[in-house]
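>>> With the input below, show me the fold.
(3 chains)
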Amino acid sequence: MRPRDGTPIPEPEPIGPSHLLPPADVGFATAGGVTSRSPWELFRRRFRRHRLALVSLGVLIGLCIVCFGAPFFAPYARDHQDLTLGAVGPSWHHWFGTDELGRDELTRLLYAGQISLEIGLAVAALSTLVGVVIGAIAGFVGKATDQMLMRVTDLFLVLPALAVLALALEKFGHDSFTIIWVLAALFWMYVARVVRAQVLVIREQEFVEAARASGATGPWIVVRHVLPNCVGPIVVNATLAVAAAIVAESSLSFLGFGVQLPATSWGRMISDAEGYVGTSHAYLLYFPGLAILLTVLAVNFLGDGLRDAFDPTSEPA
Amino acid sequence: MSSPSVAPDAKPARSDSAMLEVQDLVKDFPIRSGLRRGTRGRVSAVAGVSFTVPRGQTFALVGESGCGKSTTARLVLRLVPATSGTVHVDGVDVLRAAPADLRRLRSRMQIVYQDPYASLNPRLSAGAIVADPLRVHGRFKADGPARVRALFERVGLDPVDVHRYPHEFSGGQRQRIGIARALALEPDLLVLDEPVSALDVSIQAGVLNLLDELQRTRNLTYLLIAHDLAAVRQLADLVGVMYLGKLVERGPADRLYNEPQHPYTQALLSAVPVPDPPVERRRRRILLEGDLPSPTAPPSGCRFRTRCWRAQPICAEREPPLESHTREHRVACFFPGPDPAR
Amino acid sequence: MSGGGAPLLTIEDLHVDFPTDDGPLHAVDGLSVDIHDNEVLGIVGESGSGKTVAALAILGLLPKRARIQGSVRWRGTELLGRPERDLEPLRGEEIAIVFQDALAALNPVMTVGRQIAEAIQVHHRIETAERARRVVALLDLVGIPDPTTRADQYPHEFSGGMRQRAMLAMALANDPALLIADEPTTALDVTLQAQVLDVLERIRDRTGTSILLITHDLGVVAGLAERVLVLYAGRAVEEAPVDELFAAPRHPYTLGLLASLPRLDRPPRQGPRFRIPGQPPSLVRRPAGCAFHPRCAFAALPTPCATERPDDVDVGPNHRAACHRVDALAGITPDDLAAERP
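Numbering: from 1, shown residues only, chains lettered A, B, ... in the order given. This next block holds a predicted model:
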């Protein structure tokens, strides 16, 4: 019997994600795939495996909802005071107690959370944007531009953050808008460095050269080929920036440079309750502190989960 | 090796005009060191390479790692700036073209890479990868998606898979995606940088067949970079052997494979295992002494002399030019001659 | 040259699975083979064939998440499931393994002689003078000229080829009964490959060490091996003495593989080269019945090839093939297949 000729032999289905295979040194090139999976779907899959990160994501989303939805969720009106009540501990009417003006702690926490979270998210977004642009240009263009941009970055890194913040806020005002800008100006460098490092690596990949061989120019290559491959570290860094910004804002407010009354943030609440350490009203310190702690922890775990989910080479938990 | 049978012409040259003409191409890399990053010396990755490829034919540039063949390929495409020399593609001076002309020229010459994993953007779908050159040149609007699907079919991929991502394809399929991308702009010249060396043996045949067929039907000219001498024989019309940045032998494929004149070519050919036990057992392998000399300090005179069993004093004094052995077959050696191992 | 008697290593019905999101990946799927004293067994397979996984399984070097079943016996003693401390004395002493990137294993700050001596010291207490003699003898065995002087040199003073030889010397330091060479020539330049093959030949001819040669390169196997095992999708599809495997294969995969190989000593055929259609199967969702049937020109469909896994069939002395259609292949040589239009 002779081999058939002409009859097309059906090609087997395209293979599945190769990065779920054992490491390359055991000699694999193909594996099974059931459905088509874009990198986004793969990412979601890996992320779902990281339970702590999922919980953290839920916590953060929950926090955002209750804080930004404070008018709906808070048990009391924002400016409600009860001077006759004074400061009392947690009770049925006031789950988290009240402060010396009889204002419900829980309500205050929620409204204060608006500021803290707003600052955290905005600083992360802004610093990431600036950092990505600067890092990408430095990494991709290289040479003199890179040197110059990196020196600028170094300059910003060297600035004594606290002193700069204090001075800037004294000069430009203490509203959250200014705080956001000033904090972002002190955060972008970290993102820039990470992005630059990634870009330096991606830039040498063959598919980038292939794009050049097709006639593509710098901006096209950066936007279409380089940056999409840097998403992982950028997102992780952005997440961590949220935590760092919240802590920074809290520290600022604690020191008195941050938001001023009547606006309040979690840091401000701690600052206001400073004198209650060791007293029966210490709860006025604990609750804002716990709020910050909870947020920061959640953000960090989320960042861990994101980092693992973006990294195709890490082992499944 | 058995005596050569009369090998039929693989591909008659369709036209006498040269598609690719390379003259005295040189690429030096400065070595920077020290605190001041001053230039301490030069590495001649490509030290004066010349060859001509007629339209519709394949020139195989072979050699081992560090010989400069990949660099030569990139110089031809001007992906790396050349130190000196000329490259003409269909009569047009590539190295001195203005940016606008270069962009147009780029659409006529494309490259297929060795590594089917690194040469495709993992974040783009296969269809987007193939369409990218079209988009860059503004040719996607008209009938882009149809063109992409047609390209998929042409290279043996199912158009249904345009939405899939590179990691979902096998190595051979990814290589085909790379070929489809290279064909998108309908180039005349394709630079193939070790197009099958990263693929399984049973897949290599398929990809080589595809390249062969494309060449015939589209009259493509190929500059084929390779280290696997056996695999390229199917495609090669002309072969150039590089060593340490220079061509040591150059000529029609049949001549080179059957009657190699340069000792290095002979060593290379003798080192390729033949899948035939009795034949393989009978063969005597030429073992080269020593190591590849450092490109920063190439030997005086003939660069190969430090490892050559025929080396004589003259080899250290003067560099042998690439002279004619026969009309088309050139060797750079003072003592060219038949292979002792046969 | 292969010894009779009890085999050194017996692999029986080995299964190795890796868990993945889509179900278990069957890397090795029922592999059985014996290795005897003083013989060279070549295991041939492409990517996904399971050859490297099988080798790692022998020495217990697979990652923890691997699920291993079956039996691997060394001189009668079961190796699978043994704790590390039982396996460690075996590794390096009785069974040595060299990997593809062996070069990276040489310590640049220790002399070569010292490194080999240390390899000996780990397993044996021998006095210094005797050890030094052994080191020199080993360097000589692997073909390093002037071994006494070379033993006191550092790796950077060795050429690339000599470093490869030194690595093999280290592997042989304790006179192992079995040397597992995993892709020893892949990714090496052809002239370096020749050096490695030369050393392996010397080992084969001058010592009693058995060699398990794992490669995808049939040319390498043709020259070195006495017996060959062909793997596909995790199982052995054919096993035969080397001459017979190349001249008269009885499994369609082997036949197809040999037919699609380019040969240096023959002019290329006109037209497309024979190729095995399709590509290696997914190891997670393997085809039913015979894993090769979707690509097989000889498959009898639907039964039995698509429904029943073929058992090993004896087709000659020491020659077995796992195929339902062995009879249809009798008398067909790779050249016959290659001459057909694909």
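>>> what residue is smack in the middle of chain B?
residue B:225 (1.8 Å; CA atoms, centre = their mean).
>>> dump the residue contacts of it.
B:60, B:61, B:62, B:69, B:70, B:72, B:73, B:191, B:192, B:193, B:194 (CB atoms under 8 Å, 6 or more residues apart in numbering or on different chains). Every C-beta, even on glycine, is put in place using the N, C-alpha and C of the backbone.
>>> Which ones among those residues map onto strands?
B:60, B:61, B:62, B:191, B:192, B:193 (DSSP state E).
>>> Of these - the most surrounded one?
residue B:61 (31 neighbours; other CB atoms under 10 Å in any protein chain shown).
>>> wait, doesn't that residue sit right on residue B:74?
No: contact criterion CB atoms under 8 Å: residue B:61 and residue B:74 do not qualify, at 11.9 Å.
>>> Look at the residue lying closest to residue B:295 once chain neighbours are set aside and tell me its secondary structure.
Nearest non-adjacent residue to residue B:295, counting by CB to CB, 6 or more residues apart in numbering or on different chains: residue B:43, 4.7 Å away. Assigned by DSSP: H, G, I helix; E, B strand; the rest coil, the conformation of residue B:43 is strand.
>>> Tell me what residue B:43 is bridged to.
Taking DSSP bridges as the rule, residue B:43 bridges to residue B:29.
>>> How about the contacts made by it?
Going by CB under 8 Å, 6+ apart, the list of residues near residue B:43 reads B:28, B:29, B:30, B:31, B:295, B:296.
>>> likewise residue A:254?
A:267, A:268, A:270, A:271, A:274.
>>> cool, residue A:52 as well?
Contacts of residue A:52 by CB under 8 Å, 6+ apart are A:301, A:304, A:305.
>>> ok so, going back, for the residue nearest to the centre of chain B, give its distance to chain A.
Residue B:225 sits at a distance of 14 Å from chain A (criterion: CB to the nearest CB, to the nearest Å).
>>> Can you verify that residue is assigned to a strand?
Yes: remark: residue B:225 belongs to a strand, assigned using three-state DSSP.
>>> what pairs with it across the strands?
Going by DSSP bridges, residue B:225 forms beta bridges with residue B:61, residue B:193.
>>> List, one by one, the residues from chain B near chain A.
B:77, B:79, B:103, B:106-107, B:110-111, B:113, B:115, B:118-125, B:129, B:132-133, B:136-137, B:158, B:161, B:163-165, B:167-171, B:173, B:178, B:181, B:184-185, B:200 (CB under 8 Å from any CB of the partner chain).
>>> Any of those residues buried? List them.
For the residues of chain B next to chain A, a burial check counting by 16 or more other CB atoms under 10 Å in any protein chain shown picks out B:77, B:79, B:103, B:106-107, B:110-111, B:113, B:115, B:118-125, B:129, B:132-133, B:136-137, B:161, B:164-165, B:167-171, B:173, B:178, B:181, B:184-185, B:200.
>>> Inside helices: which ones of those residues?
B:103, B:106, B:129, B:132, B:133, B:136, B:171, B:173, B:178, B:181 (DSSP state H).
>>> Any chance of TSV for the residues you listed, columns distance to residue C:94?
Below are these laid out as TSV (distance: CB to CB, whole Å):
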residue	distance to residue C:94
B:103	64
B:106	59
B:129	50
B:132	55
B:133	57
B:136	60
B:171	36
B:173	43
B:178	46
B:181	51
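>>> from these, which are also near chain C?
Contacts with chain C within these, as defined by CB under 8 Å from any CB: B:171, B:173.
>>> Show me the strands in the stretch 151-300 of chain A, by range?
Ranges of strands within the stretch 151-300 of chain A: none, based on DSSP state E, counting those that start in this stretch.
>>> mind listing the helices for it?
A:161-172, A:176-203, A:206-213, A:218-221, A:231-255, A:266-272, A:283-310 (DSSP state H, counting those that start in this stretch).
>>> Is the one residue in chain C that gets nearest to chain A in a helix, a strand, or coil?
For chain C, the residue closest to chain A is residue C:284, as judged by CB to the nearest CB, at 2.4 Å. When classified by three-state DSSP, residue C:284 comes out as coil.
>>> And for residue C:230?
strand.
>>> residues near residue B:299, how many?
Around residue B:299 there are 18 residues (other CB under 10 Å).
>>> For it, give me phi and psi.
Here is the backbone geometry of residue B:299 (degrees, to the nearest 10): phi -60, psi 150.
>>> wait, does the strand or helix carrying residue C:138 contact chain B?
Element membership for residue C:138, per DSSP states H and E: helix C:128-141. No: judged by CB under 8 Å from any CB, helix C:128-141 makes no contact with chain B; its nearest approach is 15.9 Å.
>>> Name the residues of the next helix or strand after that helix that are buried.
Heading C-terminal from helix C:128-141, the first helix or strand you meet, by DSSP H and E, is helix C:147-150. Buried residues in helix C:147-150, defined by neighbour count with 16+ other CB under 10 Å: C:147, C:150.
>>> Moving C-terminal from helix C:147-150, which element do we reach first?
Scanning onward from helix C:147-150 (DSSP H and E), the first element met is helix C:160-171.
>>> Packing partners of that following helix?
If contacts are counted by 3 or more CB pairs under 8 Å, 6 or more residues apart in numbering or on different chains; DSSP states H and E, helix C:160-171 sits against strand C:95-98, helix C:112-123, helix C:128-141, helix C:190-206.
>>> what angle sits between the second one and helix C:128-141?
Helix C:112-123 runs at 120 degrees relative to helix C:128-141, counting by axes from the mean of the first three to the mean of the last three CA atoms, to 10 degrees.
>>> For residue C:321, list each beta-bridge partner.
residue C:238, residue C:313.
>>> hang on, isn't it packed against residue C:251?
Yes: taking CB under 8 Å as the definition, residue C:321 is a contact partner of residue C:251 at 4.3 Å.
>>> Between these two, which contacts overlap?
In contact with both residue C:321 and residue C:251: C:237, C:238, using CB under 8 Å, 6+ apart.
>>> What helix or strand is the residue in the stretch 201-342 of chain B positioned nearest to chain A located in?
Proximity of the stretch 201-342 of chain B to chain A (CB to the nearest CB) peaks at residue B:203, 9.5 Å away. Assigned by DSSP H and E, residue B:203 belongs to helix B:201-218.
>>> low-scoring pLDDT stretches of chain A, where are they?
Low-confidence segments of chain A, defined by pLDDT under 70: A:1-39, A:311-317.
>>> Skipping its backbone neighbours, what lies nearest residue C:56 in space?
residue C:62 (4.9 Å).
>>> give me the number of residues near that neighbour?
21.
>>> Please tell me I have it right and it contacts residue C:72.
No: counting by CB under 8 Å, residue C:62 stays clear of residue C:72, with 11.4 Å between them.
>>> circling back to that earlier point, can you say which of the contacts of residue A:52 are buried?
Of these, these count as buried by 16+ other CB under 10 Å: A:301, A:304, A:305.
>>> Pick the one among those residues closest to chain C.
Nearest member of the buried ones among the contacts of residue A:52 to chain C, counting by CB to the nearest CB, is residue A:305, at 17.1 Å.
>>> Show the contacting residues for the closest one.
A:47, A:50, A:52, A:53, A:54, A:56, A:57.
>>> Tabulate those in CSV, adding columns for secondary structure.
Output for these, formatted as CSV (three-state DSSP):
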residue, secondary structure
A:47, helix
A:50, coil
A:52, helix
A:53, helix
A:54, helix
A:56, helix
A:57, helix
